[in-house]
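Novice: Coordinates for the following, if possible.
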Amino acid sequence: MIETLFGKTIYSNKLDVDTSKIISTSTLFRKSNNIYRAKTDEQNLHVLNNKKLCDLKDIIVNELYKYLHGILNYTNEFYITTSWFTEVEPNEESQFHNHTNSFVSGVLYLQTTDKCGDIIFRNFSNERFDLEATNYNILNSRAWSYKPENGLILIFPSELYHKVEKNKSKEKRHSLAFNVIPKGTIGFSDGDSHMIIK
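Specialist: Numbers count the residues shown, from 1 in each chain. Below is the predicted model of the structure:
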């Protein structure tokens, strides 16, 4: 599914994956500051490089190419730079943030319950007028939320500000997040910002 939010394209799909098996793999990482931490930084922020998750990585890469090649028609190759497990305890939430040094970001929900915390996207651009609407929708809202569910993947431009709403359930909310950049030629060869990412 494709939606345009604040002029940005967001991709979502429900994956047929065993989320409980993925969560059991995440126990290879110990928790610290709401992120599963392994013994080394390499494992910590590159969980999809773990051999036990190679099939999942292939599935996520396939979804990335549906979005980036099939829908947006980009010609570059892309690769996942970082990937990490997260959990949100009951009554926890995050602040609005975006992801720097990344082209697109994504999240795959692994364990969710009702009221465990929607992901909320927010438009912080400086609008000329702040008008009220009789009915807010994806075309006129300054904020938009998606309800997490097991197996749901969201892929979105990394510059979009987003946060996790407060977890009002009694269960932990588990997910896997990742960042992606293009590789190859970026820009045009006669431009002053032309570069190659290997």
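Novice: element containing the residue minimising distance to the centre of the chain?
Specialist: When the chain is reduced to its mean C-alpha position, the nearest residue by CA atoms, centre = their mean turns out to be residue 106, at 2.0 Å. Here residue 106 sits within strand 104-111, counting by DSSP states H and E.
Novice: Give me the helices and strands touching that strand, please.
Specialist: Applying 3 or more CB pairs under 8 Å, 6 or more residues apart in numbering; DSSP states H and E, one finds that strand 104-111 contacts helix 19-26, helix 54-65, strand 152-157, strand 173-186. All C-beta atoms are positioned from the backbone trio N, CA, C, and that covers glycine.
Novice: change it to 10 Å
Specialist: Secondary-structure packing of strand 104-111 (3 or more CB pairs under 10 Å, 6 or more residues apart in numbering; DSSP states H and E): strand 8-14, helix 19-26, helix 54-65, strand 77-88, strand 152-157, strand 161-164, strand 173-186.
Novice: Just the angle for it relative to helix 19-26, thanks.
Specialist: Put simply, strand 104-111 runs at 100 degrees to helix 19-26, going by axes from the mean of the first three to the mean of the last three CA atoms, to 10 degrees.
Novice: what's the spacing between strand 104-111 and its chain's center?
Specialist: 5 Å (CA atoms, centre = their mean, to the nearest Å).
Novice: partners of it, with directions?
Specialist: Strand 104-111 has the following sheet partners, assigned by DSSP bridges: strand 152-157 (antiparallel), strand 173-186 (antiparallel).
Novice: where does this protein have its least confident helix or strand?
Specialist: strand 35-37 (a mean of 49; mean pLDDT, DSSP states H and E).
Novice: So which bits of stretch 121-141 are buried?
Specialist: Using 16 or more other CB atoms under 10 Å as the test for burial, stretch 121-141 gives 121-122.
Novice: outside of that stretch, which residues touch it?
Specialist: The contact list for stretch 121-141 (CB atoms under 10 Å, 6 or more residues apart in numbering) reads 3-8, 10, 96, 98, 142-146, 154, 156, 160-163.
Novice: so which of the helices and strands packed on strand 104-111 comes closest to residue 44?
Specialist: strand 77-88 (6.8 Å; CB to CB).
Novice: which strands and helices sit next to that closest one?
Specialist: Judged by 3+ CB pairs under 10 Å, 6+ apart, the packing partners of strand 77-88 are helix 19-26, strand 30-32, strand 35-37, helix 41-44, helix 54-65, strand 104-111, strand 173-186.
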